[in-house]
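[1] This is a predicted model, with the sequence first.
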Amino acid sequence: MFEKYTAPTSGNKITIENGKLNVPNNPIIPFIEGDGTGPDIWNASVRVFEAAVEKAYKGEKKIEWFEVLAGEKAYNQTGEWLPNDTLTAFREYLVGIKGPLTTPVGGGIRSLNVALRQELDLFACVRPVRYFNGVPSPVKHPELVDMTIFRENSEDIYAGIEYSEGTDEVKKLISFLREEMGAKKIRFPETSGIGIKPVSKEGTERLVRSAIDFAIAQKRKSVTLVHKGNIMKFTEGAFKNWGYEVAEREYADQVFTWAQYDRIKAEQGTDAANKAQSDAEAAGKIIVKDVIADAFLQQILTRPAEYDVIATLNLNGDYISDALAAQVGGIGIAPGANINYVTGHAVFEATHGTAPKYAGLDKVNPGSVILSGVMMFEFLGWQEAADMIIKALEKAIDQKTVTYDFARLMEGATEVKCSEFADALIKNL
Ligand SMILES: NC(=O)C1=CN([C@@H]2O[C@H](COP(=O)(O)OP(=O)(O)OC[C@H]3O[C@@H](n4cnc5c(N)ncnc54)[C@H](OP(=O)(O)O)[C@@H]3O)[C@@H](O)[C@H]2O)C=CC1
Ligand SMILES: O=C(O)CCC(=O)C(=O)O
Ligand SMILES: [Mg+2]
C-alpha cells in the first residue's frame, strides 16, 4: 500500500458502508504535525486526546496514531512537500487530523492545505464559531455569535488556477479574452496576472446540501447563502440561485426559502409572504436566506443573532472564518474540519495558520487543534470524549488559566505555556 511508510501493525481501519462510518475501538488515525507552531500545538493536543479517551472509555477504546509527513518536515526527510504515501494514508484510513502548513506568499509552492482538500475531494470546510464564557472579546455581546460556516472547499478563485504576469500563458489568455471573448472595455496591461474563478452547480449543490443536512440534524433555524452575486453574477450569483434551487427541490418539506418569499410577495403581496414565512418558522422549517458578502461582514458585528448556519464560497469562507473567530476571542479557539460527506473522508484542522513568529516557543493556544479533535471525536461518534474535553476547556477558561492570547486581554489571568494549557485541561478532565 505504501511506497515508503510502514503501516501501523496494531489498530484497525475506519470504514464506511451505506454512508455510515464503522469505527473500531482502536482506529488508526493519520496525523500531520504541521509547520511553525504545529509541533508545539500537536504535542499538547495529542496528550489531551489520549487522556480524554482513556478517561471516557477506560481502555476499551484507544487511538492508534500514525504520523504522516507534509510540509517542511516532509521536505527535509523525503525531498517532497506532500508525499504520495501521506495521501494514501488519508484515503485508506478515512479520518485524519493535521496541524497548519506554511504557504509562501507570491511564489514558491502552492498551498499543501488546498492540495490535500483537492486530492481527497474534501468539499466542505466546516468551521463552528461559538463563544466560551469568560473569553476576552472585542465585541459587547460575543455570546450572540453561534454560527457554523460551511465553506465550499474545492472551487473558486482559491483553487489556484493562476497565470503569472509576463508568461506566455497570460499573454495567450489576454489575447483570447480581448479578441474572442469580447472583453474590450477592461484595462489589460501587459503586467496583468490572471486568476480564474470556477464555480459549478454540482460543487454548490453538494455544499448547500451538507449545510442544510447539518441544520436539520442540529435543529438550527436558518441557512444563509453568503455571496457577492451582484458583481460576480455567473459564479457567486449562480451559487445563490443553485443554492435556493437545491433547497426547494430536495428539502421541500423541511425548508422555506427567501426565493419562495419573493415569489409569494410578487403574486399575493407582503402580508401573505410574511405569513408564509412565520407559518414555516412555527412549523420548525429551516429558513434558507441569502445576503451579499460585504453587508454580511457588517451584520455579523451589528446583528450576529440573525445568522446561524452559513453556506458560502471558498474565499468568502476563508475571510469569514477569521472574522467570526475574532468576535469570540480569536483564532486560538477556532476549530475546523474538511469533509467529504459522501465518501466519509475527513481531515480535521484549526482555522489558524503556522503563526511562525511563535514557532518553538511553546507559547500559542492549542485550543483550535484541541477543538478540531473534539469535532473529530463527534464525527467518530465518541461523544463522551468530546464532551469531556469541552468541559475541561470551559473550566480552564473559568479558572483564568490561559495562554498569552487570552491572558493579554483578561484581568487576573494566569498565563501558561501551550504545553501547560494541555496539562490544565488534562487535570480538569
Ligand atoms: N490550514 C492551514 O494550515 C493554514 C495555513 N496558513 C499558513 O500559515 C502561515 C502563517 O499565516 P498567517 O497569516 O501569519 O496567519 P496565522 O493564523 O498563522 O497567524 C496570524 C496570527 O494569529 C494569531 N494566532 C495564530 N495561531 C494562534 C494560536 N494557535 N494561538 C493564538 N494565536 C494564534 C497570532 O496573533 P498575534 O500576532 O496577535 O499573537 C498570529 O500572529 C502562512 O504560510 C499561511 O499560508 C494560514 C491559515 C491556515
Ligand atoms: O493554505 C493556506 O496556507 C491558507 C489556508 C487558509 O487560510 C484557510 O484555509 O483558512
Ligand atoms: Mg484562512
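    That came through, no problem. Ligands and ions are numbered 1, 2, ... in the order given.

[2] Secondary structure element for the spatially closest residue to Ser45 that is not a sequence neighbour, which one?
    Across the structure, with CB to CB, 6 or more residues apart in numbering as the measure, the residue nearest Ser45 apart from its sequence neighbours is Val369 (4.4 Å). For every residue, glycine as well, the C-beta is placed using N, CA and C. Element membership for Val369 (DSSP states H and E) is helix 367-380.

[3] quick one: average pLDDT of that helix?
    In this model, helix 367-380 has a mean pLDDT of 98.

[4] likewise stretch 136-152?
    Per-residue scores along stretch 136-152 average to 97.

[5] Same check on stretch 403-412?
    96.

[6] in the helix holding Val369, what counts as buried?
    Judged by neighbour count (16 or more other CB atoms under 10 Å), helix 367-380 contains these buried residues: 367-377, 379-380.

[7] So which other helices or strands are in contact with it?
    With contacts defined as 3 or more CB pairs under 8 Å, 6 or more residues apart in numbering; DSSP states H and E, the packing partners of helix 367-380 are helix 38-57, strand 95-98, strand 337-339, strand 346-349, helix 383-398, helix 418-428.

[8] could you redo the last one with a cut-off of 7 Å?
    helix 38-57, strand 95-98, strand 346-349, helix 383-398 (3 or more CB pairs under 7 Å, 6 or more residues apart in numbering; DSSP states H and E).

[9] Would you pull up the residue in the stretch 201-350 of the chain closest to ligand 1?
    Shortest the stretch 201-350 of the chain-to-ligand 1 distance, computed as CB to the nearest ligand atom: residue-wise this is Gly332, at 3.5 Å.

[10] what are the phi and psi values for the residue nearest to that residue when sequence neighbours are not counted?
    Take Gly332 and drop its neighbours on the chain: the residue closest to it by CB to CB, 6+ apart is Asn365, 3.1 Å away. Here the main-chain torsion angles of Asn365 (degrees, to the nearest 10) amount to phi -80, psi 120.

[11] you'd agree Asn365 is up against Thr401?
    No. With contact taken as CB atoms under 7 Å, Asn365 and Thr401 are classed as non-touching, separated by 11.9 Å.

[12] And those two? Which one has more around it.
    More crowded of Asn365 and Thr401, by other CB atoms under 10 Å: Asn365, with 28 against 21.

[13] For the more buried one, give me its contacts.
    Contacts for Asn365 were tallied using CB atoms under 7 Å, 6 or more residues apart in numbering; they are Gly332, Ile333, Thr403, Asp405, Phe421.

[14] export stretch 310-327 as CSV, just CAs?
    Coordinates of each C-alpha in stretch 310-327 appear next as CSV, following Å, rounded to 0.1, in the frame of the first residue of the first chain:
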residue,chain,number,x,y,z
ILE,A,310,-23.6,29.8,6.8
ALA,A,311,-23.1,28.4,3.3
THR,A,312,-20.6,30.2,1.2
LEU,A,313,-17.9,30.0,-1.4
ASN,A,314,-14.2,29.2,-0.8
LEU,A,315,-12.6,32.7,-0.5
ASN,A,316,-15.5,34.3,1.3
GLY,A,317,-15.5,31.4,3.8
ASP,A,318,-11.8,31.9,4.4
TYR,A,319,-12.3,35.6,5.3
ILE,A,320,-15.5,35.0,7.3
SER,A,321,-13.9,32.2,9.4
ASP,A,322,-11.1,34.5,10.7
ALA,A,323,-13.5,37.5,11.2
LEU,A,324,-16.0,35.5,13.2
ALA,A,325,-13.2,33.8,15.2
ALA,A,326,-12.1,37.3,16.2
GLN,A,327,-15.5,38.1,17.6
